[in-house]
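Visitor: Quick one, fold the following:
(one chain, ligands or ions: 2)
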Amino acid sequence: MSEIALEREVDRSHMQVSDKVAIQISHMNKWYGTFHVLRDINLSVNEGERIVIAGPSGSGKSTLIRCINRLEEHQAGDIVVDGTELSSDLKNIDKIRSEVGMVFQHFNLFPHLTILENCTLAPIWVRKIPRKEAEETAMHFLEKVKIPEQAHKYPGQLSGGQQQRVAIARSLCMMPRIMLFDEPTSALDPEMIKEVLETMIQLAEEGMTMLCVTHEMGFAKQVANRVIFMDQGQIVEQNEPNEFFNNPQHERTKLFLSQIL
Ligand code: ADP
Ligand code: MG
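Guide: Ligands and ions are numbered 1, 2, ... in the order given. All right, here's what the predicted structure looks like:
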């Protein structure tokens, strides 16, 4: 758990929350075998929201966001993403995967491909975009995450922070409408955490709908419009950051905050 000082004052003026629903989760439950990992999850996310999901290790944060793009399957209740219900219909899964980008703690770049190739692989082979156009798009996003000069290097030649920014750029190349982050800075040193957070802040300032599992409470305070606290597979409490941090309601939230702040 940490609170890295952000480089600059965050400009929240463009971070508008629309009244259009992006994700609707109703009475969702999931089991791993007999273990009831997610219990009656109800969550509605509007376009433009920046949600931070916090909670102790093992509380189900990763499982929840992995269910949103069907990396994990839920067994009861509904998940609707951008109007499409997540069911076993493979067509729907493809549609949702193309609309929902995901960035993991470990960057999962292909080590034998250059940075540029990592960014163009899915657009060329999944989206059938012509190579030249895919490369132009990739360069655009590599410029955005401030590493265009690394395009022809391999992941192993980059720092952890640079690799994570490539992973973000690679997701953006699929033109997602929603971005999911699962502890994107947990494996990084403080200096690198800052550069990755800066990239995430920039995305938020451009209006991206984001769900972020993160222990970076500075980011939660400055960027999130809502913090969700999970414990033992349930959403225990949610609130706007000020209230969440200064006036937690539940004992479990108070205990969690007392341990981290
Ligand atoms: P968090 O991200 O909050 O740390 P996770 O969603 O990773 O929590 O895990 C929630 C619980 O589910 C933990 O008890 C974990 O051990 C368990 N779990 C996670 N993945 C699996 C799996 N593939 N099979 C069985 N149990 C799992
Ligand atoms: Mg996790």
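
Visitor: List the contacts of whichever strand or helix holds Met210.
Guide: Element membership for Met210 (DSSP states H and E) is strand 209-213. The contact list for strand 209-213 (Cβ atoms under 8 Å, 6 or more residues apart in numbering) reads 22-23, 45-54, 61-62, 65, 68, 177-184, 200, 203-204, 219, 224. Where C-beta positions appear, they are placed from N, C-alpha and C, glycine not excepted.

Visitor: Give me the helices and strands touching the helix or strand following that strand, please.
Guide: Counting by DSSP H and E, the element after strand 209-213 in chain order, helix or strand, is helix 217-223. Using 3 or more Cβ pairs under 8 Å, 6 or more residues apart in numbering; DSSP states H and E, the elements in contact with helix 217-223 are strand 50-54, helix 190-205, helix 241-246.

Visitor: Could you export the strand holding Met210 as CSV, CA atoms only?
Guide: Taking Å, rounded to 0.1, in the frame of the first residue of the first chain, the C-alpha atoms of strand 209-213 are listed here in CSV:
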residue,chain,number,x,y,z
THR,A,209,-14.1,4.8,-18.5
MET,A,210,-11.7,3.1,-16.1
LEU,A,211,-11.9,0.5,-13.4
CYS,A,212,-8.6,0.2,-11.5
VAL,A,213,-7.6,-2.2,-8.8
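
Visitor: between that strand and strand 50-54, how many degrees?
Guide: 10 degrees (axes from the mean of the first three to the mean of the last three Cα atoms, to 10 degrees).

Visitor: Sketch out the strands for the stretch 101-250 of the chain, chain order is fine.
Guide: With DSSP state E, counting those that start in this stretch as the definition, the stretch 101-250 of the chain shows strands at residue ranges 178-182, 209-213, 226-231, 234-239.

Visitor: Is it possible to get TSV of these that adds mean neighbour count?
Guide: Listed next are these as TSV, based on neighbours: other Cβ atoms under 10 Å:
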stretch	mean neighbour count
strand 178-182	24
strand 209-213	24
strand 226-231	22
strand 234-239	18
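
Visitor: still on that earlier bit, from the helices and strands packed on helix 217-223, which stretch is densest packed?
Guide: Neighbour counts (mean count of other Cβ atoms under 10 Å) averaged over each of the helices and strands packed on helix 217-223 peak at strand 50-54, with a mean of 26.

Visitor: Show me which residues of this protein sit near ligand 1.
Guide: Residues of the chain lying near ligand 1 by Cβ under 6 Å from any ligand atom: 32, 35, 37, 55, 57-63.
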